[in-house]
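Participant: please find the sequence and the predicted model below.
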Amino acid sequence: MMMDYVWLIPVFPLIGFLINGLVGKKLSKNTVGIIGSAVIGLSFLVTVKIFFEFLNLPPGVKAVEKTVFTWISSGAFTAQAAFLIDPLSLVMLGVVTGVSFLIHIYSVGYMHDDPGFYRYFSYLNLFVFSMLLLVSANNFLLMFVGWEGVGLCSYLLIGFWYEKQSASDAGKKAFVVNRIGDFGFLLGIFLIFWTFNTINFREVFDLAAKYPVGSGVITAITLLLFVGAIGKSAQIPLYVWLPDAMEGPTPVSALIHAATMVTAGVYMVARCSALYVLAPFSLTVVAVIGALTAIFAATMGMAQNDIKRVLAYSTVSQLGYMFLACGVGAFVSGIFHLMTHAFFKALLFLGAGSVSHALDGELDMRKMGAMKKHIPITYWTFIIATLAIAGIFPFAGFFSKDEILFYSLVDGHLLYWGIATTAAFITAFYMFRAVFMTFYGEARWDHHHVHPHESPPVMTVPLMILAALSAVGGLIGFPIIEGAHKFKEFLAPSIAPLHAEVHHAMSFEIIMMIFSMAVAAVGIYTAYKCYVKTPELPEKITEKFPATYDYVYNKYYVDELYDATIVEPIKQGSDFLWKGVDDKVVDGAVNGSAGTVAWLSGVLRKLETGFVQNYALAILIGVVLVTGYLIGR
Amino acid sequence: MVVPLEHYLGVSVALFALGVIGVLVRRNVLVILMCVEMMLNAVNLAFIGFADYFKAVDGQMFVFFVMTVAAAEVAVGLALVVAIFRNRATVYVDDLNLLKW
């Protein structure tokens, strides 16, 4: 049968994980790197093969399910280890395996001098395995397994340099914050089983279709699932872990915290589009949170000096865009932006890695500058990715972002559009601020000790491939011309439409595009003005509004707020449970009963006088009593 | 002449009671051992009395067993007393209270 070997896709990385994890220590670095990358490459090839087989399916067949084995069977509950192959999962499989493959190759160069090389690759392989499970599962429970698996790997890789206090703290923070979201997700799954008596995606969606729009239980399910998405995809109010996650190695940030794992929430919402279209309230929540996150994170990105943190806030902001798209019912646009974002954001992170590689690990943009002539390949690929994220025609980000802006206006609300457009302006500004601070101006690094050098080909070739994808990847979703939006056509069977497609005037679409490009251009010009032409301007502005700058620079004090309102009370509560309840009550009960027994023994031991005759008397009394009893009975 | 059973038992009880009191109140280990012997012999006397009364030899047989055990017991007991005396230079149970709490 066709596609029977779909299970190979996640199994290859699992094999890589086992080999690297178990015997990687004894293998040479080259072998570890080759195994780690090759298994992902094989997964990618299988995905491509299945993609073409899928295209050749007879028309009308929209999805194929392949059961490998029955995983759990208990009463009415069954969960299968089975894969759902449909356009949505194919897009995700393609993005995950493709981008992962490139990042694995890049990592061979980037991590070359790290003593934990084999550990790094085994974690990375395990991550890809979990992620592939997440996007190809055919039921909620198996998806949850992948969901938790990627969370674990994220924790392991953020804290990869665990000797560093800040890295292990960041790993813990990510893990704990994600737990909150996962709890919501799990409750959502319980509610789904309770309501529909099944956890299979397609069965659930078929059954849900019988419910009226806006029914309470569907709204509850979708809101709970969205809590999971908020945690995993770093949305307000659970976004705080993502900026700290930058403590991990840069390729990890590119793979997990930009291209794949953090988009799992968007994928899940799109996968459950059939449920979300039945819950208008949940959609509004999704859209509002998405829009707020988009602008909130963007403003925080403006004042960061660490290049990776700029990119982290940018990721949070872009994820907000994706949720905004889902919230207004444009699930396809959300997934489209997910894909293009995976290309250009992975490229940006890898580019940042390449810059810091050239500067002996420096990440502070205030100590960079004038890198353009030293690392030309990195510079040009970084520029392409920046143009893509800023939304300049014809780079990938332009098409997807423009689509989101368009739908947020026509299907959403003027307010959504206003927020998203403002965020787009800020995005263009802070991204070009990063470019100008890094590649232009004066060299602010130490000339005597640092000698910038371009990265080896093993790192630059993935950059170039990703740059090519960032440049032309958006063309598969070409708007305006009827039938040119191949991506939407392909993805349509997986997505439940909110309402029938409305045709808009071509001139309206074109005006929208020109406007969003103009906004991006203004953002770029502002950055140019501030950081190239008159470098003293930003300082003047900050001096003029010191309070505002301080507020933004410190990320609105959200971390401090969470510390004060959530972390500290929990700590104090735990402290009370420890010193009050555990030390006094629990230990008191244990020590108290032991003390009672000891005291009683002290009384009873007086019986042991040591005089033989006392014992003899006791025996005699016993004999008399027993005999008396026997006789008198 | 026939001695009635009551006489046998009366003497036996008297002897046994003497033995018990001796074991409980005397402080000299040697005397205590002797009192133990007396209790054993009181039992022997009861056996003999019953053997005579029932005209059966089982009782007399038991007496031999008891005498054997008593002999062995005295042998071990005296040996212990000697050992204790060598160790602690006393045979008074008041001083032998090592098992005290």
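Facilitator: Nice, I can see it.
Participant: low-scoring pLDDT stretches of the stretch 101-250 of chain A, where are they?
Facilitator: Judged against pLDDT under 70, the stretch 101-250 of chain A has no low-scoring part.
Participant: I'd like to know which residues of chain A are adjacent to chain B.
Facilitator: Selection of chain A residues close to chain B by Cβ under 8 Å from any Cβ of the partner chain yields A:Arg605, A:Lys606, A:Glu608, A:Thr609, A:Gly610, A:Phe611, A:Val612, A:Gln613, A:Ala616, A:Leu617, A:Leu620. In this view, the C-beta of every residue, glycine as well, is placed from N, C-alpha and C.
Participant: need the buried ones from these selected in PyMOL.
Facilitator: In PyMOL, a selection of the buried entries from these looks like this (16 or more other Cβ atoms under 10 Å in any protein chain shown):
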select buried, chain A and resi 611+612+613+616
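Participant: among the residues of chain A next to chain B, which one lies nearest to A:Val472?
Facilitator: A:Arg605 (91.2 Å; Cβ to Cβ).
Participant: burial count for A:Pro195?
Facilitator: Wrong residue type there; residue A:195 is Thr, not Pro. A count of nearby residues for A:Thr195, using other Cβ atoms under 10 Å in any protein chain shown, gives 17.
Participant: quick one: pLDDT of residue 53?
Facilitator: No chain in the question, so chain A it is. At A:Glu53, the predicted lDDT confidence score is 89.
Participant: wait, chain B
Facilitator: Looking at B:Tyr53, its pLDDT stands at 91.
Participant: surely it touches B:Leu5?
Facilitator: Yes - counting by Cβ atoms under 8 Å, B:Tyr53 touches B:Leu5, with 4.6 Å between them.
Participant: rewinding a little: can I get the residues of chain A next to chain B in JSON lines including pLDDT and secondary structure?
Facilitator: Converted to JSON lines, the residues of chain A next to chain B look like this (pLDDT from 0 to 100; DSSP: H, G, I helix; E, B strand; the rest coil):
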{"residue": "A:Arg605", "pLDDT": "87", "secondary structure": "helix"}
{"residue": "A:Lys606", "pLDDT": "85", "secondary structure": "helix"}
{"residue": "A:Glu608", "pLDDT": "83", "secondary structure": "coil"}
{"residue": "A:Thr609", "pLDDT": "83", "secondary structure": "coil"}
{"residue": "A:Gly610", "pLDDT": "82", "secondary structure": "coil"}
{"residue": "A:Phe611", "pLDDT": "83", "secondary structure": "coil"}
{"residue": "A:Val612", "pLDDT": "84", "secondary structure": "helix"}
{"residue": "A:Gln613", "pLDDT": "86", "secondary structure": "helix"}
{"residue": "A:Ala616", "pLDDT": "89", "secondary structure": "helix"}
{"residue": "A:Leu617", "pLDDT": "91", "secondary structure": "helix"}
{"residue": "A:Leu620", "pLDDT": "93", "secondary structure": "helix"}
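Participant: tell me the SS of the closest residue to A:Tyr239 other than its chain neighbours?
Facilitator: The shortest distance from A:Tyr239 to any residue other than its chain neighbours is 4.9 Å, reached at A:Val316 (Cβ to Cβ, 6 or more residues apart in numbering or on different chains). Three-state call for A:Val316 (DSSP: H, G, I helix; E, B strand; the rest coil): helix.
Participant: A:Val316 is in contact with A:Trp241, isn't it?
Facilitator: No - applying Cβ under 8 Å, one finds A:Val316 not in contact with A:Trp241, separated by 10.2 Å.
Participant: which of these two has more neighbours?
Facilitator: Set side by side, A:Val316 and A:Trp241 show more neighbours around A:Val316, with 26 against 23, by other Cβ under 10 Å.
Participant: from A:Glu501, how far out is the more buried one?
Facilitator: 31 Å (Cβ to Cβ, to the nearest Å).
Participant: residue numbers of chain B in contact with chain A?
Facilitator: Contact residues, chain B versus chain A (Cβ under 8 Å from any Cβ): B:Val20, B:Val23, B:Leu24, B:Val25, B:Val93, B:Asp94, B:Leu96, B:Asn97, B:Leu98, B:Leu99, B:Lys100, B:Trp101.
Participant: in these, which residue is surrounded by the most others?
Facilitator: B:Val23 leads the residues of chain B next to chain A on contacts (other Cβ under 10 Å) with 22 neighbours.
Participant: element containing it, please.
Facilitator: helix B:5-25 (DSSP states H and E).
Participant: helices or strands next to that helix in the packing?
Facilitator: helix A:612-632, helix B:29-54 (3 or more Cβ pairs under 8 Å, 6 or more residues apart in numbering or on different chains; DSSP states H and E).
Participant: any regions of chain A where pLDDT drops low?
Facilitator: Applying pLDDT under 70 to chain A flags the ranges A:1-2, A:482-483.
Participant: so A:Arg444 sits in a strand?
Facilitator: No - going by three-state DSSP, the assignment for A:Arg444 is coil, not a strand.
Participant: so how far is A:Met437 from it?
Facilitator: For A:Arg444, the distance to A:Met437 - Cβ to Cβ - is 9 Å.
Participant: please apply the same query to B:Val43.
Facilitator: Relative to A:Met437, B:Val43 is positioned 112 Å away (Cβ to Cβ).
Participant: who has more neighbours, the two?
Facilitator: Legend: neighbour count by other Cβ under 10 Å for B:Val43 and A:Met437, higher for A:Met437 (24 against 18).
Participant: list residues touching both of A:Val316 and A:Trp241?
Facilitator: A:Ala234 (Cβ atoms under 8 Å, 6 or more residues apart in numbering or on different chains).
Participant: related to what we said a few turns ago, as CSV, the residues of chain B next to chain A with pLDDT would be great.
Facilitator: Shown next, in CSV, are the residues of chain B next to chain A (pLDDT from 0 to 100):
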residue, pLDDT
B:Val20, 93
B:Val23, 92
B:Leu24, 91
B:Val25, 91
B:Val93, 87
B:Asp94, 84
B:Leu96, 82
B:Asn97, 79
B:Leu98, 77
B:Leu99, 73
B:Lys100, 76
B:Trp101, 67
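Participant: from those residues, which two are the most distant?
Facilitator: Distances among those were taken as Cβ to Cβ; the most separated pair is B:Val20 and B:Trp101, at 26.1 Å.
Participant: now for A:Val624, how many residues are close by?
Facilitator: By the criterion of other Cβ under 10 Å, A:Val624 has 10 neighbours.
Participant: who's in contact with it?
Facilitator: Contacts of A:Val624 by Cβ under 8 Å, 6+ apart: none found.
Participant: over to A:Val6?
Facilitator: For A:Val6, the contacting residues are A:Val46, A:Ile50, A:Lys66, A:Phe83, A:Ile85, A:Ser136, by Cβ under 8 Å, 6+ apart.
Participant: setting the sequence-adjacent residues aside, check what's closest to the last one.
Facilitator: In this case it means A:Ser136. A:Phe83 (4.7 Å).
Participant: against A:Ala63, how distant is the one you found?
Facilitator: 10 Å.
Participant: which of these two has more residues huddled nearby?
Facilitator: Between A:Phe83 and A:Ala63, counted using other Cβ under 10 Å, the more crowded position is A:Phe83 (25 against 18).
Participant: report the central residue of chain B.
Facilitator: When Cα atoms, centre = their mean is applied to chain B, the residue found nearest the centroid is B:Glu37 (2.3 Å).
Participant: the residue of the stretch 101-250 of chain A found nearest chain B: how many residues sit nearby?
Facilitator: For the stretch 101-250 of chain A, the residue closest to chain B is A:Lys172, as judged by Cβ to the nearest Cβ, at 54.9 Å. By other Cβ under 10 Å, 15 other residues sit near A:Lys172.
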